[in-house]
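Asks: Coordinates for the following, if possible.
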Amino acid sequence: MDIIISNSSGVPIYDQIVRQVKGLILSGALAEGTALPSMRALARDLRISVITTKRAYEELERDGFLLTVPGKGCFVAAQNRETRREAVLCHIEERLSQAVEAAKTGAVGLDELTEMLTTLYNEE
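Replies: Predicted structure coming up:
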């Protein structure tokens with residue numbers, strides 16, 4: 001599991017982990033039942049605090065992406081189709097919000113932005 005942490009980002013480290021793990025699960029790169037590294041192992045690999053990885057895993061479990069089995073570890077939870085679709089839509093909305101903000105900052109109009117989105121969506 002490749003997770004890249006940026007210390008210069010304004011996003012908290014635990015949130016970077018949460019976003020990346022959710023992305024891996026939603027893309028299918030982490031399948032249902034896949035074991036995640038232990039909190040200590042992930043903290044060691046990323047050179048961060050165990051408390052940070054604990055917070056990320058707890059949030060992922062709360063959101064239904066992970067299942068913790070006492071004495072065995074954390075595993076990718078089964079994803080309900082509706083839950084998965086909702087998570088994908090939230091992820092897309094986040095990205096589109098960033099694009100809209102960049103467009104507004106750069107004085108790019110809605111028509112031009114819509115045309116760009118249509119072009120990107122129809123690319124093969």
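Asks: ok but Ala29 is inside a helix, no?
Replies: No. Checked against DSSP: H, G, I helix; E, B strand; the rest coil, Ala29 lies outside a helix; its state is coil.
Asks: Would you mind giving me the confidence score for it?
Replies: Per-residue pLDDT puts Ala29 at 90.
Asks: Ser9 too?
Replies: On pLDDT, Ser9 comes in at 85.
Asks: what's around it, how many residues?
Replies: Neighbourhood size, Ser9 [other Cβ atoms under 10 Å]: 10. In this view, the C-beta of every residue, glycine as well, is placed from N, C-alpha and C.
Asks: and the end-to-end length of stretch 71-87?
Replies: 29 Å (Cα to Cα, to the nearest Å).
Asks: now stretch 104-117
Replies: Span of stretch 104-117 from end to end, Cα to Cα: 15 Å.
Asks: What are the buried residues along it?
Replies: Leu113 (16 or more other Cβ atoms under 10 Å).
Asks: can you list the residues that contact it?
Replies: 99-100, 102-103 (Cβ atoms under 8 Å, 6 or more residues apart in numbering).
Asks: what pLDDT, on average, does it get?
Replies: Mean predicted lDDT for stretch 104-117 stands at 93.
Asks: ok, now stretch 55-65?
Replies: Here the average pLDDT along stretch 55-65 is 94.
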